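**Q** missing the sequence, but the structure's below:
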């Protein structure tokens, strides 16, 4: 959301059978912090793709949704991504 789709995360998939250890890190903003695409990732040619949302709204809605492989941030999209950014050459 913050990079306006310049950087995309992958859907998390992990197997616990190989002895690998993962450490989760969380950085929690204040509840009233507004999360939106950062200005350096937006322009006239690349307008914001997500609506602003408070962290409180985001996390409250996130906790209501069952896991299912869909990116939760898609719930806040404003416009569809251009085809060229989905399939970089």
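**A** That came through, no problem. This is a predicted model, so every value here is computed, not measured.
**Q** and residue 5, how many residues sit next to it?
**A** Residue 5 has 17 neighbouring residues, counting by other Cβ atoms under 10 Å. Every C-beta, even on glycine, is put in place using the N, C-alpha and C of the backbone.
**Q** Sorry, wrong one. I was asking about residue 60.
**A** A count of neighbours around residue 60, defined by other Cβ under 10 Å, yields 11.
**Q** for residue 46, same thing?
**A** Residue 46: 15 surrounding residues under other Cβ under 10 Å.
**Q** And for it, nearest residue in space, chain neighbours not counted?
**A** Of all residues not flanking residue 46 in the chain, residue 4 sits nearest, at 6.6 Å (Cβ to Cβ, 6 or more residues apart in numbering).
**Q** One more: residue 56?
**A** Leaving aside its sequence neighbours, residue 56 sits nearest to residue 31 (Cβ to Cβ, 6+ apart; 4.0 Å).
**Q** Check residue 30 too.
**A** Computed as Cβ to Cβ, 6+ apart, the closest residue to residue 30 that is not its neighbour in sequence is residue 55, at 6.9 Å.
**Q** Ramachandran angles for the one you found?
**A** Dihedral angles of residue 55 (phi, psi; degrees, to the nearest 10) stand at phi -60, psi -40.
**Q** how many neighbours does the residue nearest to residue 56 have?
**A** Other residues near residue 31 come to 12 when the count uses other Cβ under 10 Å.
**Q** and if you look at the one 5 residues further on?
**A** The burial count assigned to residue 36 is 15, neighbours taken as other Cβ under 10 Å.
**Q** pretty sure it contacts residue 47?
**A** No. Judged on Cβ atoms under 8 Å, residue 36 makes no contact with residue 47 at a distance of 11.9 Å.
**Q** on that earlier part again, contact partners for the residue nearest to residue 46?
**A** Contact analysis of residue 4 by Cβ atoms under 8 Å, 6 or more residues apart in numbering lists 37, 38, 41, 42, 46, 48, 49, 50.
**Q** want to throw those into a markdown table with distance to residue 61 and pLDDT?
**A** Shown next, in a markdown table, are the contacts of residue 4 (distance: Cβ to Cβ, whole Å; pLDDT from 0 to 100):
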| residue | distance to residue 61 | pLDDT |
| --- | --- | --- |
| 37 | 18 | 94 |
| 38 | 21 | 95 |
| 41 | 23 | 96 |
| 42 | 23 | 96 |
| 46 | 26 | 93 |
| 48 | 19 | 94 |
| 49 | 18 | 93 |
| 50 | 13 | 92 |
